[in-house]
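Peer 1: the following block contains a protein sequence and its predicted model.
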2 protein chains.
Amino acid sequence: MHILLNKIKEKIALSPEAEAYVRSISTEKTIPKGTVLIREGQTVRKIYFVTGGCMRSFCTDSHGKEHTLQFAIKNWWISDYIAIYNDEPATLTVECLTESTVIEFQANELIGIHAQFPEFEPYQRNNLERHVVSLHKRILNQLQLTAAQRYDLFLEQYPDIEQYTRNYHIASYLGFTQESLSRIRVEKAKK
Amino acid sequence: MHILLNKIKEKIALSPEAEAYVRSISTEKTIPKGTVLIREGQTVRKIYFVTGGCMRSFCTDSHGKEHTLQFAIKNWWISDYIAIYNDEPATLTVECLTESTVIEFQANELIGIHAQFPEFEPYQRNNLERHVVSLHKRILNQLQLTAAQRYDLFLEQYPDIEQYTRNYHIASYLGFTQESLSRIRVEKAKK
DNA sequence: GGCAGAAATTGACCTATGGTAAGAAATCTA
DNA sequence: TAGATTTCTTACCATAGGTCAATTTCTGCC
């Protein structure tokens, strides 16, 4: 919990009351590998802050193929934001790729925290803004880079994630097959 | 201008003072076709609200190929948000695809408007949240749909945009070539 | 209304990536 | 630690989509 509070305090001043409130709407949990925290079709009531391990969100298409939207490791937030912001049932699944430690928040209380503690407003705004930037960049990368270039960039930007994931997790995040990833690795090794 | 103020008033109550402030930080303009409003490499000081016509933002890759990040028609906002939120020079170009009418805002004043008029906070927050949702959906579509499916969805979601754009604009938004778009259209017509 | 330049189409060919399947390797589990 | 299971690799072939070039069609503009 202190890891998150410290993160927040880097950005904003936090009164003891606000800190107590954050604690009151959250629970620290250890999640076993393979656990599904948010399931497609269900109402999304939680947002997770990852303090250890690795989680991912993905959708499943009509052929049963999975497409990874996001990974989350230490210090990242994860949930189904499409569902939360649109107030719809989940279209994503959020699962635990390794045993992980998380801080689980009530989604509506976390999203609305600025109503009670306005000091959170710049923190939340900044998170949203950075989220938009990273999504814009991802779209541009997807449009202009080859599979191998996207993989190189992934390794560069998220060197810590690969240790937690299966090949097909990464492939499904980058938009190609696990077989292609295998071939890309062989080509890289030749150089 | 009233078109934007009405849009805002659908979401929040707007005091006369707040309304006056919005007017004070913006200018209505008519922009000729082909005008570049934001140029790669330069500092981004403006955000545009489109009231008529069509604009687009795109990046140019190392081979000179353009990749469209966003279109904006009536009632849409456009700028280089990567540059603004990261406080960096523009990586995108924003150009006018047809003669357009826009309301031009000072970026920093618009972004910071909630400091003076807190009633704007939920409006801005909601815009950011919807922005995140639309980007998530676009990424998932890019990951799971074929070129033809993406084009069909584009027509469904943005039926008004095609009239303003060249084929290569749409192709570069959807992530394929204009020649492919031409072939996709032929296939569609056969059915 | 005709001409010049831009855009779109089309066809031939090419390439990156996908699909399948089998075997090898890694990992889990009893 | 052996056996079972999952994951990864590899080889072969298939295909969506890209590239290039020629042609046709559209659009402005005088």
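Peer 2: Ah, there it is. Numbering: from 1, shown residues only, chains lettered A, B, ... in the order given.
Peer 1: what parts of chain A come near DNA strand D?
Peer 2: Residues of chain A lying near DNA strand D by CB under 7 Å from any atom of the strand: A:166, A:167, A:168, A:178, A:179, A:181, A:182, A:183, A:185, A:186. (Each C-beta comes from the backbone N, C-alpha and C, glycine too.)
Peer 1: narrow these to those in helices?
Peer 2: Using DSSP state H, the members of the residues of chain A next to DNA strand D that fall in helices are A:167, A:168, A:178, A:179, A:181, A:182, A:183, A:185, A:186.
Peer 1: just the closest of those to residue A:35, please.
Peer 2: Of all these, residue A:35 sits closest to residue A:168, with 18.7 Å by CB to CB.
Peer 1: verify the stated contact: residue A:90 with residue A:84.
Peer 2: No. Judged on CB atoms under 8 Å, residue A:90 makes no contact with residue A:84 at a distance of 9.0 Å.
Peer 1: what sits in contact with each of the two?
Peer 2: Taking CB atoms under 8 Å, 6 or more residues apart in numbering or on different chains as the criterion, residue A:90 and residue A:84 both touch residue A:44.
Peer 1: the residue nearest to residue A:101 when sequence neighbours are not counted and residue A:160, how far apart?
Peer 2: Leaving out its chain neighbours, the residue that sits closest to residue A:101 by CB to CB, 6 or more residues apart in numbering or on different chains is residue A:52, at 4.1 Å. Using CB to CB, to the nearest Å, residue A:52 is found at 12 Å from residue A:160.
Peer 1: list the buried ones in the top helix by length along chain A?
Peer 2: Ranked by residue count, the top helix of chain A under DSSP H comes out as helix A:121-144. The neighbour-count check on helix A:121-144 (16 or more other CB atoms under 10 Å in any protein chain shown) flags A:121, A:123-125, A:128-129, A:131-133, A:135-144 as buried.
Peer 1: quick revisit: tell me, which of the residues of chain A next to DNA strand D make contact with DNA strand C?
Peer 2: Filtering these for neighbours of DNA strand C using CB under 7 Å from any atom of the strand leaves residue A:179.
Peer 1: low-confidence ranges, chain A, go.
Peer 2: A:191 (pLDDT under 70).
Peer 1: tell me which element the nearest residue to residue A:88 once chain neighbours are set aside is part of?
Peer 2: Among residues not flanking residue A:88 along the chain, residue A:82 sits closest, at 7.2 Å (CB to CB, 6+ apart). Assigned by DSSP states H and E, residue A:82 belongs to helix A:81-86.
Peer 1: immediately after that helix, which helix or strand?
Peer 2: Per DSSP H and E, the first helix or strand lying C-terminal to helix A:81-86 is strand A:93-96.
Peer 1: which strands or helices does the helix or strand that that next one is followed by pack on?
Peer 2: Per DSSP H and E, the first helix or strand lying C-terminal to strand A:93-96 is strand A:100-106. Helices and strands touching strand A:100-106, as assessed by 3 or more CB pairs under 8 Å, 6 or more residues apart in numbering or on different chains; DSSP states H and E, comprise strand A:26-31, strand A:46-52.
Peer 1: deepest-packed of those, please.
Peer 2: strand A:46-52 (a mean of 21; mean count of other CB atoms under 10 Å in any protein chain shown).
Peer 1: what comes into contact with it?
Peer 2: Here strand A:46-52 makes contact (CB under 8 Å, 6+ apart) with A:3-4, A:26, A:28, A:37-38, A:55, A:72-79, A:84, A:94, A:100-107, A:110-111.
Peer 1: same question, stretch A:168-186
Peer 2: Contact with stretch A:168-186 is made by A:56, A:58, A:65-71, A:97, A:142, A:147-148, A:150-151, A:154, A:161-162, A:166-167, B:142-143, as judged by CB under 8 Å, 6+ apart.
Peer 1: and for stretch A:2-17?
Peer 2: For stretch A:2-17, the surrounding residues in contact (CB under 8 Å, 6+ apart) are A:19, A:22, A:49, A:51, A:75, A:103, A:117, A:119, A:120, A:122, A:123, A:126.
Peer 1: and residue A:186, how close does it get to residue B:183?
Peer 2: Between residue A:186 and residue B:183 the computed distance is 33 Å (CB to CB).
Peer 1: repeat for residue A:31
Peer 2: Taking CB to CB, one finds residue A:31 at 47 Å from residue B:183.
Peer 1: again with residue A:24
Peer 2: Computed as CB to CB, the residue A:24 to residue B:183 distance reads 58 Å.
Peer 1: more neighbours, the two?
Peer 2: Taking neighbours as other CB atoms under 10 Å in any protein chain shown, residue A:24 and residue B:183 compare with residue B:183 leading, 14 against 10.
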